[in-house]
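Chemist: okay, structure incoming, though there's no sequence with it:
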């Protein structure tokens, strides 16, 4: 029972990326209707209550809905947030995404935000049945029709290369514009094609990073223009050498200390929050406790939390 909408990724025909950018953007602007223009300018529902425990006070991901449309039109507003989930495989990043998705697509009457989500899966490991199980546990009435209504707000896309990801993002612009209830974009993960691009991109770092850099440039544009919030995961592919580390007494601190950026510099510049996930620690119960450290990169606020994974989804430990 999965009525979520699986979209076919773009990229069946190779097209020079520069011409794609100009042609698709120009054609789209000419075809944009008055309704779509209003939807784009009036902003989205706020995600302030998406998961306050993940962010320090005042650092929750916000849309610009509280700003007047004309102020936004003349460039007086700030862009939507871009949040990175960083950590090793098995540290709970995708499980936390399922938690956030359920918070978004559940109806307001059930404590959700009742907004739409686009999830781009580049690792091919998203478990739809897991999401359905979480929804069934969180709904007071988990009949098939109610679950289907929730899943109708969820769009799942698969991408198998960085160029396919780029073309898919171009193809999504009309969707972002025409659906004001679409508030959240998730990419799991943005680092999937790192080694492939390094191997196939040529001898220079600039050429190796060309595709992912174009993806990030487009993401930054879409997030700002359509007032979305982006969550993207990255795996811990590299760590600092021991002589680069400062002292850290526990895994929560060391996850931050060990962080070594490897995606292109543009990604480091556009990211507003970074949430570090660590391997589990022992907990009084039989459940493994997974620590997270959330850093707001502009305000330098840092908070530390832990969560456990249960049948009903991710649950934060007080």
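Modeler: It's in. Remember, predicted model here, so these are calculated numbers, not experimental data.
Chemist: so where's this protein shaky on pLDDT?
Modeler: Flagging of the chain using pLDDT under 70 yields the residue ranges 1-43, 56-79, 239-257, 281-287.
Chemist: tell me who's in contact with the residue nearest the centre of it.
Modeler: The chain has residue 231 as the residue nearest its centroid, 1.9 Å off, counting by Cα atoms, centre = their mean. By Cβ atoms under 8 Å, 6 or more residues apart in numbering, the residues touching residue 231 are 83, 84, 85, 97, 100, 184, 185, 186, 187. The way it works is simple: take the backbone N, C-alpha and C, and place the C-beta from them, glycine included.
Chemist: among the residues you listed, which are in strands?
Modeler: The strands, defined by DSSP state E, take in 83, 84, 85, 184, 185, 186, 187 from these.
Chemist: out of the residues you listed, who has the most neighbours?
Modeler: residue 85 (29 neighbours; other Cβ atoms under 10 Å).
Chemist: ok, that one to residue 120 distance?
Modeler: 14 Å (Cβ to Cβ, to the nearest Å).
Chemist: circling back: just flag the most distant two among the contacts of residue 231.
Modeler: 84 and 184 (14.6 Å; Cβ to Cβ).
Chemist: all helices of the chain, in order?
Modeler: 17-31, 34-41, 69-73, 93-105, 128-138, 144-151, 162-171, 173-178, 194-200, 205-208, 210-226, 251-257, 265-270 (DSSP state H).
Chemist: now do the buried residues in stretch 194-202.
Modeler: For stretch 194-202, burial by neighbour count (16 or more other Cβ atoms under 10 Å) applies to 194, 197, 201.
Chemist: how about those residues in TSV, adding distance to residue 221?
Modeler: Shown next, in TSV, are the buried residues of stretch 194-202 (distance: Cβ to Cβ, whole Å):
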residue	distance to residue 221
194	22
197	21
201	23
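Chemist: is it correct that residue 233 is in contact with residue 92?
Modeler: No. Counting by Cβ atoms under 8 Å, residue 233 does not reach residue 92; the two are 10.5 Å apart.
Chemist: what comes up buried for stretch 92-107?
Modeler: Neighbour-count burial for stretch 92-107 flags 92-106 (criterion: 16+ other Cβ under 10 Å).
Chemist: ditto for stretch 216-231
Modeler: 216-220, 222-231.
Chemist: stretch 142-153 too?
Modeler: 146, 147, 149, 150, 151, 153.
Chemist: for the residues you listed, which one is nearest residue 50?
Modeler: Distances from residue 50 to the buried residues of stretch 142-153, taken by Cβ to Cβ, are shortest for residue 153, at 14.1 Å.
Chemist: separation between the closest one and residue 174?
Modeler: Distance of residue 153 to residue 174, computed by Cβ to Cβ: 18 Å.
Chemist: list the contacts for the residue lying closest to residue 290 once chain neighbours are set aside?
Modeler: Leaving aside its chain neighbours, residue 290 sits nearest to residue 92 (4.4 Å; criterion: Cβ to Cβ, 6 or more residues apart in numbering). Residues in contact with residue 92 (Cβ under 8 Å, 6+ apart) are 277, 290, 292, 307, 309, 314.
Chemist: and the residue lying closest to residue 94 once chain neighbours are set aside, what are its bridge partners?
Modeler: Counting by Cβ to Cβ, 6+ apart, residue 188 is the residue found nearest to residue 94 once chain neighbours are left out, at 5.9 Å. Counting by DSSP bridges, residue 188 is bridged to residue 121.
Chemist: and what of residue 314?
Modeler: Beta-bridge partners for residue 314, by DSSP bridges, are residue 309.
Chemist: you'd agree it is up against residue 306?
Modeler: No. Using Cβ under 8 Å, residue 314 makes no contact with residue 306, being 10.6 Å away.
Chemist: how close does the closest residue to residue 189 other than its chain neighbours sit to residue 143?
Modeler: Leaving out its chain neighbours, the residue that sits closest to residue 189 by Cβ to Cβ, 6+ apart is residue 233, at 4.1 Å. In this view, residue 233 and residue 143 are 32 Å apart by Cβ to Cβ.
Chemist: one more: residue 88?
Modeler: On the measure of Cβ to Cβ, residue 88 and residue 143 end up 38 Å apart.
Chemist: same check, this time on residue 210
Modeler: Counting by Cβ to Cβ - residue 210 and residue 143 are separated by 49 Å.
Chemist: same question for residue 174.
Modeler: 33 Å.
Chemist: what of residue 89?
Modeler: Counting by Cβ to Cβ, the gap from residue 89 to residue 143 is 36 Å.
Chemist: and residue 312, by the same measure?
Modeler: Relative to residue 143, and taking Cβ to Cβ, residue 312 is found at 18 Å.
Chemist: equivalent analysis for residue 201, please.
Modeler: From residue 201 to residue 143 the distance is 50 Å (Cβ to Cβ).
Chemist: gap between the two ends of stretch 132-149?
Modeler: 12 Å (Cα to Cα, to the nearest Å).
Chemist: sorry, wrong one. I was asking about stretch 270-288.
Modeler: Using Cα to Cα, the two ends of stretch 270-288 sit 33 Å apart.
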